[in-house]
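Undergrad: Pasting the sequence and the predicted model now:
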Amino acid sequence: MHRIRFKTSGKNDILCSAEPNKTLLAAAQEAGVVINAPCGGKGTCGKCLVRIESELKNGSFKACETSVDCEITVYLDHSNLKNTLLEDAGIITTKNLSEYAKFAMAFDIGTTTIVGYLIDMRMGEIFYTTSILNPQISFGADVITRLNYAKENGGDKLTELLRSAINSMIEEAVAHTLININQIQLVCVVGNTCMHHFFHGISTDSLCQAPFSATITEALVNRAVDCGIRIRPEGIVKALPNIGSFVGADTVSALLACELHETRDNFLLIDIGTNGELVMGSKGRMLACSAAAGPAFEGAKIDCGMRGEKGAIDHAVWEDGRLKVSVIGDGKPVGICGSGVVDVIACLTKEGIIDETGLITVPEVFDGKKVYIIVSGQESGIGAPIYLSQQDVREVQLAKGAIAAAIIMMSNELALEISHIETVYLAGAFGNYMDAENACRIGMILPALKDKIINIGNAAGEGARRAAIDPNEYARAIALAKKVEFIELANNIAFQNCFCEQMGFEQE
């Protein structure tokens, strides 16, 4: 056995041991240490780089390809575990919290990020907000990679990681607000179907193969101790119901927050994250589906991609014959996040640098495969150019084609003209920061909907807050889920044909 010392910024060292020749990523996964590994350890993404010091090797290496063959020290920067796009993180109110006896916490468990809210149960007021990366990122950026891991190895580790993350967020909220943990009566969790099953320790095998069905769709209420959640001993954990295989309780929660349980016609709700979840309503019917958007908009599978955090290029415009960008934190850029990718591709298609098929065509590129966003290494924070590759464009085409095709399929099923959709609710952190006009320009959202888009932020978190404090809202969410019809697109030939048609870029 060889000893590993993980050194993290702002945290105590983490010590563990590994058998000879075990990969560093596998050792970190067993020890519960988070290393960003979007490809799940296949060696294809190159984003699990860590700095290593040892007798045999020193420098930066891929964790998934590095064998533990001696005692080593691994340097990790976990400062980015905080989601810098969550602008309201921290204490929301300065009121004397001791006046309030009962609190709840609501959690939106996303594939990439987990967001938590500490709520006064009497007034419904949010006192503290926190967010962290979903620690399952070490097992892959997308749910399919994690599902395959669980099928081969069991899901216990993935369940343990989620519960541990939520407990740490509860402890953070308690520490910062100085309440007693016994004052927390209830936890309400929402997430997509995969995250729901992982959190509850439910088998996900049925999600890995046709007909891709959820093991459980109904709402759940359990004792907190049975879920491994540390609040008051008699506390409970409530989970909203799922709709279908890849449309989960987070979508139900978003519908609740938008008050779409009321009589509303001709609407579209889109939550674009690691997975795209959509609901369309018309003539008293509501349809839901998922679009395998992939993790491109979360920074994975993009050569210079990253999450929406400090150093990420988040927006771009074309001025004076070149791209001009904005950077989160206003420092030097170190990569590009999803909203930046959308802007860059929108600019390049408008200028004809990317043609209608998605091909990079102009002389300004290197070997016909890259467009440089930041040309000089001195201008970036990584000492190298930041670019968009031809493969990056293809990844975005796959994602945007799936979302656009899903919209068309639902409108066809409802016999609803796209132009008759009155409101498009765009949910989620990515949707909140994405330029809606550019999303329409690249065809991710159909151009006819451009002037009908409303950004609603983390609607899933807001719905979870409502369900946590109000039994009537929780009951309303259950009734709402039963009204939504789930349509499976995975094996639908008409969807596949539509998907292919929507992968191109319209030229102006």
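TA: Yep, that arrived. As the structure is a computational prediction, the values presented were derived from the model and not from experiment. Numbering: from 1, shown residues only.
Undergrad: the domain parsing of this structure - what is it?
TA: 2-79, 90-249 (automatic domain parsing).
Undergrad: Please produce a markdown table containing these, extended by mean pLDDT and mean neighbour count.
TA: Placement of C-beta: from N, CA and C, glycine included. A markdown table is the format used below for the domains of the chain (pLDDT from 0 to 100; neighbours: other CB atoms under 10 Å):
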| stretch | mean pLDDT | mean neighbour count |
| --- | --- | --- |
| domain 2-79 | 84 | 17 |
| domain 90-249 | 90 | 20 |
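Undergrad: what would the ones you listed look like in TSV with distance to residue 425?
TA: As requested, the domains of the chain are exported to TSV (distance: least, CB to CB, whole Å):
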stretch	distance to residue 425
domain 2-79	28
domain 90-249	15
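Undergrad: Ok, which of those domains comes nearest residue 321?
TA: Between residue 321 and the domains of the chain, the shortest gap by CB to CB is with domain 2-79, which sits at 31.5 Å.
Undergrad: sorry, back to before: between the domains of the chain, which one is nearest to residue 353?
TA: The closest of the domains of the chain to residue 353 is domain 2-79. By CB to CB, the value is 25.3 Å.
Undergrad: Surely residue 289 is within a strand?
TA: Yes. According to DSSP: H, G, I helix; E, B strand; the rest coil, residue 289 belongs to a strand.
Undergrad: what about it, how many residues close to it?
TA: Using other CB atoms under 10 Å, residue 289 is surrounded by 28 other residues.
Undergrad: residues in contact with it?
TA: Counting by CB atoms under 8 Å, 6 or more residues apart in numbering, residue 289 touches 247, 277-278, 406, 409-410, 486-489.
Undergrad: among those, which are in strands?
TA: In strands, judged by DSSP state E, the following of the contacts of residue 289 are found: 277-278, 486.
Undergrad: wait, what's in contact with the most centrally placed residue in the chain?
TA: The residue lying closest to the centre of the chain (CA atoms, centre = their mean) is residue 112, at 3.6 Å. Residues counted as contacts of residue 112 (CB under 8 Å, 6+ apart) are 133-134, 137, 141, 273-274, 295, 298, 307.
Undergrad: do residue 427 as well
TA: Contacts of residue 427 (CB under 8 Å, 6+ apart): 254, 269-271, 456-460.
Undergrad: Among those residues, which one has the most neighbours?
TA: Busiest of the contacts of residue 427 [other CB under 10 Å] is residue 460, holding 33 neighbours.
Undergrad: Tell me how many other residues crowd the residue lying closest to residue 400 once chain neighbours are set aside.
TA: Distance criterion CB to CB, 6 or more residues apart in numbering; nearest residue to residue 400, sequence neighbours excluded, is residue 444 at 3.7 Å. Residue 444: 28 surrounding residues under other CB under 10 Å.
Undergrad: So residue 444 is in contact with residue 397, correct?
TA: No. With contact defined as CB atoms under 8 Å, residue 444 does not reach residue 397; the gap is 9.8 Å.
Undergrad: next helix or strand past the top helix by length along the chain?
TA: Assignment by DSSP state H gives helix 390-413 as the longest helix of the chain. Once the chain leaves helix 390-413, the next helix or strand it forms, by DSSP states H and E, is strand 423-427.
Undergrad: hang on, the earlier thing: now for the domains of the chain, which one comes closest to residue 352?
TA: Between the domains of the chain, domain 2-79 lies closest to residue 352; by CB to CB that is 30.3 Å.
Undergrad: show me where the stretch 251-400 of the chain has strands.
TA: Secondary structure of the stretch 251-400 of the chain (DSSP state E, counting those that start in this stretch): strands at 267-272, 276-282, 285-291, 312-319, 322-327, 335-336, 370-374, 386-389.
Undergrad: Out of those strands, which gets the lowest mean score?
TA: Among those, strand 370-374 carries the lowest mean pLDDT, a mean of 88.
Undergrad: Give the buried residues for it.
TA: For strand 370-374, a neighbour-count test (16 or more other CB atoms under 10 Å) marks 370-371, 373-374 as buried.
Undergrad: Just send these back as TSV, with distance to residue 471 too.
TA: Formatted as TSV, these follow (distance: CB to CB, whole Å):
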residue	distance to residue 471
370	55
371	54
373	50
374	52
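Undergrad: which among those residues gets closest to residue 348?
TA: residue 371 (6.3 Å).
Undergrad: now the closest one: how far from residue 426?
TA: 27 Å (CB to CB, to the nearest Å).
Undergrad: Please indicate which of the ones in strands among the contacts of residue 289 are buried?
TA: Buried, going by 16+ other CB under 10 Å: 277-278, 486, out of the ones in strands among the contacts of residue 289.
Undergrad: got the end-to-end distance for stretch 103-119?
TA: Using CA to CA, to the nearest Å, one end of stretch 103-119 lies 6 Å from the other.
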